[in-house]
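Enquirer: Kindly return the folded structure for what I paste below:
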Amino acid sequence: MPETLRNTFFYLVVFSGLAVALWSERNYIGPNVEAFRKGRGRENETTSTLLDRLEWISDYKNRINIMPQIYIISLIISIIVGIVMINKFPSGLRLFYMMLVIFPLMLFGLNFFVYHTDRFVPYHIKKNVQYLRKNLKLKRRKDLETLEVCLDNIATHSDVNSVKTY
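Expert: Prediction:
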């Protein structure tokens, strides 16, 4: 296979993966996405509903697919490493090989830290919510999906556009 055709093929493979990753991430960006919006409370809601929302949002990381994020970060790292090591944009084959090394390492590293650290935060939040329910003598809703009924159309609320990120 000629060098140019091979590079074009591997660029196509790597950047097609990027397109798929970006496409799948579109559902997880912003305050109004499915993974977050049921956790948004209102001032006039009952304590029980607010506790339901707190418990629901504490587990948001399990609703997000981390593979596209890791792919995008791995691609960026691969490009930077290629530019630093060879002083030019890496060839398609070299970029593909770097992705084969960096992507699994990133996946392993992130999963290691998620398993050994991040999973305890939602656990403690849920336990504390259970204690609050017990102390306040409140019952949990059977189906947290009913929270969607309370939101009507979240995009119409004025506070959506005032969300600040730091």
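Enquirer: just the helices in this structure please.
Expert: In the chain, helices defined by DSSP state H lie at 3-25, 34-37, 47-57, 67-86, 92-113, 120-136, 147-151, listed in chain order.
Enquirer: Show me what the third one packs onto, helices and strands only.
Expert: Under the contact definition 3 or more C-beta pairs under 8 Å, 6 or more residues apart in numbering; DSSP states H and E, helix 47-57 sits against helix 120-136, helix 147-151. The C-beta positions use only the backbone N, C-alpha and C, and glycine is treated the same way.
Enquirer: In terms of mean pLDDT, which of those helices ranks lowest?
Expert: With a mean of 43, helix 147-151 has the lowest mean pLDDT of these.
Enquirer: Find the residue ranges of the chain scoring beneath the pLDDT cut-off.
Expert: 1, 27, 30-32, 34-35, 142-166 (pLDDT under 70).
Enquirer: related to what we said a few turns ago, so which of the helices of the chain is the most surrounded?
Expert: Stretch with highest mean neighbour count among the helices of the chain: helix 47-57 (a mean of 18; mean count of other C-beta atoms under 10 Å).
Enquirer: so how far is it off the chain centroid?
Expert: 21 Å (C-alpha atoms, centre = their mean, to the nearest Å).
Enquirer: Could you number the chain from 41 rather than 1 from now on?
Expert: Sure, I'll start numbering at 41, so the last one becomes helix 87-97.
Enquirer: where does the residue most central in space within the chain sit relative to residue 92, distance-wise?
Expert: What sits nearest the mean C-alpha location of the chain, by C-alpha atoms, centre = their mean, is residue 104, with 4.2 Å. Distance from residue 104 to residue 92, counting by C-beta to C-beta, to the nearest Å: 20 Å.
Enquirer: do the same with residue 141
Expert: 44 Å.
Enquirer: Phi first, then psi, for residue 104.
Expert: Backbone torsions of residue 104, given as degrees, to the nearest 10, read phi -110, psi 130.
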